[in-house]
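Undergrad: would you be able to build a 3D model of this:
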Amino acid sequence: MLWKILVVLLISMVPLVELRGAIPVAVGMDLGLPEWLVLIVAIIGNIIPVPIIYFFARKFLEWGAKRKWKPLKQFCSFCIKKGEKAGNKLLKKAGNYGTYFALFLFVAVPIPGTGAWTGTLAASILNLDFKKTMIAIMSGVLVAGLIMLAVSLGLFKIIFGG
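TA: Numbers count the residues shown, from 1 in each chain. Reported below is the predicted structural model:
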């Protein structure tokens, strides 16, 4: 059972995949874990990298964008541009709702390109408050997890006749 929990935890920590991939994989592979446990483990796994991303990603990306090794320079430059783009888009959409509510929505809606990694990177690049960022990201991850669990359970029951 421990390896099954580790699978869900590790998948949910992967950038771009996050719990949006971990929960459907756990449900689809029928790991035999209770749904509540899959949800909790996926949420924890998705949140573990958030403080690291917030405090270190920007510094690393800025450092890497100045290196001569082309693959590192390209990757870091791409991530900075994506973070700035997401951050500016977030600020535009925030409007009357506020930046942190917009950040919550950005993370909560489980579509490709959104999630804790991108949201945290954007918050870091925008120098948003850490505590408020953590609350918005964690709340968004919880909602995204609930949505993904509901969709995964319904979708796999339809496909496999469960």
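Undergrad: and Pro110, which of the three is it?
TA: Using DSSP: H, G, I helix; E, B strand; the rest coil, the structure places Pro110 in coil.
Undergrad: I'd like the next helix or strand past the helix or strand hosting Lys59.
TA: Assigned by DSSP states H and E, Lys59 belongs to helix 58-65. Next in sequence after helix 58-65, counting helices and strands by DSSP H and E, comes helix 70-94.
Undergrad: show me what that next one is packed against.
TA: Contacts defined by 3 or more C-beta pairs under 8 Å, 6 or more residues apart in numbering; DSSP states H and E place helix 70-94 against helix 58-65, helix 99-108, helix 116-125. C-betas here are computed from N, CA, C, even on glycine.
Undergrad: which residues are in contact with that helix?
TA: Residues from elsewhere that reach helix 70-94 (C-beta atoms under 8 Å, 6 or more residues apart in numbering): 57-58, 60-67, 99, 101-103, 105-106, 113, 118-119, 121-126.
Undergrad: just the buried members of the residues you listed?
TA: Those of the contacts of helix 70-94 that meet the buried threshold are 57-58, 61, 64-65, 99, 101-103, 105-106, 118-119, 121-126, by 16 or more other C-beta atoms under 10 Å.
Undergrad: ok, back up a step: mind putting the helices and strands packed on helix 70-94 in TSV, distance to Gly28 and mean pLDDT included?
TA: Output for the helices and strands packed on helix 70-94, formatted as TSV (distance: least, C-beta to C-beta, whole Å; pLDDT from 0 to 100):
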stretch	distance to Gly28	mean pLDDT
helix 58-65	33	92
helix 99-108	22	91
helix 116-125	22	89
